[in-house]
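Trainee: Have a look at this prediction, sequence included:
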Amino acid sequence: MLRRLLLLALVVGVVVWFGERRSKRPSRIAAAAEEGFLLVGNGAEPATLDLHVATGVPENVIISALFEGLVAYHPSDDYENPPGVAESWETEDFIKWTFHLRPDARWSNGDPLTAADFVFSYRRMLTPELGGEYAMILHVMEGAEQFNKGETDDFSTVGVKAIDEHTLEIQLVGPTPYFPSLLKHYTWFPVHRGCIEAAGEITDQKSRWTRPGKLVGNGPFTLKTWRFDAMIEVVKSDTYWDKESVSLNGIRFFPIASDTTEERAFRDGQLHVTNTLPIDRIAYYREEAPEYYWTGAQLTTYFYRVNTKANPALADVRVRQALALTIDRQSIVESVAKGGQRPAHGLVPPSEGGPYTTPDLLRFDPDAGRAKLAEAGFPDGEGFPRLTILFNTHESHKLIAQAVQAMWKKHLGIEVELLNQDWQVYLDSCGKGNFEIARAAWNGDYMDPSTFLHMWMKDDGNNQTGWSSPEYDSLLRKAGKTKDPSERYGLLQQAETIFLNEVPAIPIYWYATNRVVSTDVEGWHHKLLDNHPYKALRFRSVEAATPNPEDDKQ
């Protein structure tokens with residue numbers, strides 16, 4: 001008996017010891033903070049880290065840690081353009097720009113970064129064989145469009161040249177006062193010629209130059225680990241010109257497609273920052289845990305892209321107008337999205353302090369929608385083909401698609417199916433035109449309305465609708481050569497009006513940021529463009545703060 005009691009006491013003691021030890025064990029975010037690592041929810045597995053091929057936000061979030069352009073992100077102000085690789089620049093007419101590169105700028109392998117690297121990068125991006133969907137953003141450079149379309153193979157006709165190792169000159173098609181803001185987009189970042197050529201053809205979209213051990217970047221961090229569908233880890237670069245300002249030792253990005261799973265991971269102390277929030281948790285954080293909750297207007301439009309080539313009915317503008325007129329945007333933002341979004345009455349979202357006025361044309365008018373559908377030969381939906389809405393994996397996208405499905409059934413009498421695909425499959429379907437109607441969103445790349453308008457030009461890789469308008473393209477080209485701001489905005493408004501009347505894509509709402517951030521993270525600010533320079537972030541303390549709301553109350 002005594003032996004049994006002693007054994008029992010020993011077992012109880014061990015259990016208590018392990019329990020106490022476990023209770024004292026720090027959460028994952030506290031342990032990571034002690035290491036100097038930020039844990040970030042990234043929404044989805046990135047399709048690529050090749051900045052000349054990438055098109056999505058999950059890719060941009062990581063690329064911006066590994067590379068840096070001539071101009072850098074500002075920690076808090078989207079209208080500010082702090083120097084990046086270029087320590088200074090000048091222009092007299094907003095057409096010819098001269099950039100002076102930092103003599104101490106280095107690649108992560110120690111090679112000096114020179115003006116020739118930018119020339120190579122822009123040449124690769126514009127090479128037709130690469131097929132970069134974002135190539136059109138470089139068409140503001142003189143001769144870039146002609147080279148990109150294969151009308152000439154002489155790159156010397158493109159308006160970019162290295163004057164010397166540290167001086168880069170860029171000649172534009174027309175006056176572009178917002179050009180420094182445009183340069184913050186990753187398509188303008190430099191790439192390392194040697195590491196790309198070592199991996200194969202420079203126009204190979206599937207090249208493995210972006211893998212750990214091969215990728216050479218110039219940003220504040222370098223790529224250490226990429227475990228597919230699990231985690232990407234970047235670590236502080238020893239060669240970055242401003243490494244003394246970088247407080248974090250590294251960042252771990254987790255591709256969590258489910259916003260419910262991501263929020264639970266935050267609550268369990270597994271993440272410092274989430275990509276978004278599930279709809280049913282927004283009210284809790286807004287009211288009960290505001291210290292973690294970050295929200296505000298975002299320069300992003302949520303819309304449904306319409307493939308005018310996939311279905312004869314969708315090629316009829318009256319059908320597209322009928323679909324647009326029977327979406328109750330106010331109901332969607334109030335009853336479905338519920339995160340401070342605003343109903344979109346146009347394509348270009350309003351920006352704080354921005355001088356551009358978006359045309360107020362989109363409205364909810366079921367009677368007008370039914371009339372348009374009847375004009376197109378489908379009274380009360382009779383004989384209308386069954387449509388499919390494609391969306392990438394995310395609870396909120398599904399809820400919105402279900403709401404639109406019900407609205408079109410109720411007001412137009414048409415049947416709609418829903419199709420969900422994972423991020424990379426969804427991107428492939430959209431790129432190949434394998435859809436009828438597809439959920440999409442566009443984050444502003446820079447602080448100008450043209451970022452929402454140029455993508456609908458005929459040859460832009462992001463159009464994907466099959467729609468084009470010579471008048472629309474002409475107005476945008478004219479605006480690109482117009483120096484007077486008010487005249488230029490007038491041309492952009494005319495172009496947007498054409499778009500909203502033709503509706504090759506149907507705007508639904510303007511975004512609002514909804515995410516949670518650990519109170520231990522310092523330097524995080526709300527931004528319209530939602531880009532956050534990681535070198536501005538640091539930890540307040542080793543003991544990271546974590547919310548612990550009661551699950552059964554929600």
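Mentor: Received it, and whenever you're ready, just let me know what you need. Residues are numbered from 1 along each chain as shown.
Trainee: Flag the shaky bits of this protein, pLDDT-wise.
Mentor: 1-26, 352-353, 541-554 (pLDDT under 70).
Trainee: what's the domain layout of it?
Mentor: Taking automatic domain parsing as the criterion, the chain consists of the domains 27-43+224-292+517-553, 67-199, 296-512.
Trainee: will you turn those domains into JSON lines that also has distance to residue 55 and mean neighbour count?
Mentor: (C-beta placed from N, C-alpha, C; glycine too.) Listed next are these as JSON lines, based on distance: least, Cβ to Cβ, whole Å; neighbours: other Cβ atoms under 10 Å:
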{"stretch": "domain 27-43+224-292+517-553", "distance to residue 55": "14", "mean neighbour count": "18"}
{"stretch": "domain 67-199", "distance to residue 55": "5", "mean neighbour count": "19"}
{"stretch": "domain 296-512", "distance to residue 55": "7", "mean neighbour count": "19"}
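Trainee: For residue 53, which of those domains is the nearest?
Mentor: Between residue 53 and the domains of the chain, the tightest spacing by Cβ to Cβ is seen for domain 67-199, at 6.1 Å.
Trainee: okay if I get the domains of the chain as JSON lines plus distance to residue 52?
Mentor: Output for the domains of the chain, formatted as JSON lines (distance: least, Cβ to Cβ, whole Å):
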{"stretch": "domain 27-43+224-292+517-553", "distance to residue 52": "18"}
{"stretch": "domain 67-199", "distance to residue 52": "5"}
{"stretch": "domain 296-512", "distance to residue 52": "11"}
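Trainee: Residue 205: which of those domains is closest?
Mentor: Among the domains of the chain, the nearest to residue 205 by Cβ to Cβ is domain 67-199 (6.7 Å).
Trainee: Of all the domains of the chain, which one is nearest residue 61?
Mentor: The nearest among the domains of the chain, by Cβ to Cβ, is domain 27-43+224-292+517-553 at 5.8 Å.
Trainee: Without its sequence neighbours, what residue ends up closest to the spatially most central residue of the chain?
Mentor: The chain has residue 57 as the residue nearest its centroid, 2.7 Å off, counting by Cα atoms, centre = their mean. Nearest non-adjacent residue to residue 57, counting by Cβ to Cβ, 6 or more residues apart in numbering: residue 443, 6.1 Å away.
Trainee: mind checking which helix or strand residue 491 is in?
Mentor: helix 485-502 (DSSP states H and E).
Trainee: Repeat that for residue 123.
Mentor: Going by DSSP H and E, residue 123 is in helix 115-126.
Trainee: Going C-terminal from that helix, what's the next secondary structure element?
Mentor: helix 144-148.
Trainee: Kindly export that following helix (C-alpha atoms) in CSV.
Mentor: What follows is helix 144-148, C-alpha atoms only, in CSV (Å, rounded to 0.1, in the frame of the first residue of the first chain):
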residue,chain,number,x,y,z
ALA,A,144,7.6,50.5,-73.8
GLU,A,145,4.3,49.7,-75.4
GLN,A,146,5.7,49.1,-78.8
PHE,A,147,8.5,46.8,-77.4
ASN,A,148,6.0,44.9,-75.2
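Trainee: which neighbours does the next helix-or-strand element following that helix have in its sheet, and in what orientation?
Mentor: Later in the chain than helix 144-148, the nearest helix or strand by DSSP H and E is strand 160-164. When pairs are called by DSSP bridges, strand 160-164 turns out to pair with strand 167-171 (antiparallel).
Trainee: ok and the strand it pairs with relative to helix 115-126, angle-wise?
Mentor: 40 degrees (axes from the mean of the first three to the mean of the last three Cα atoms, to 10 degrees).
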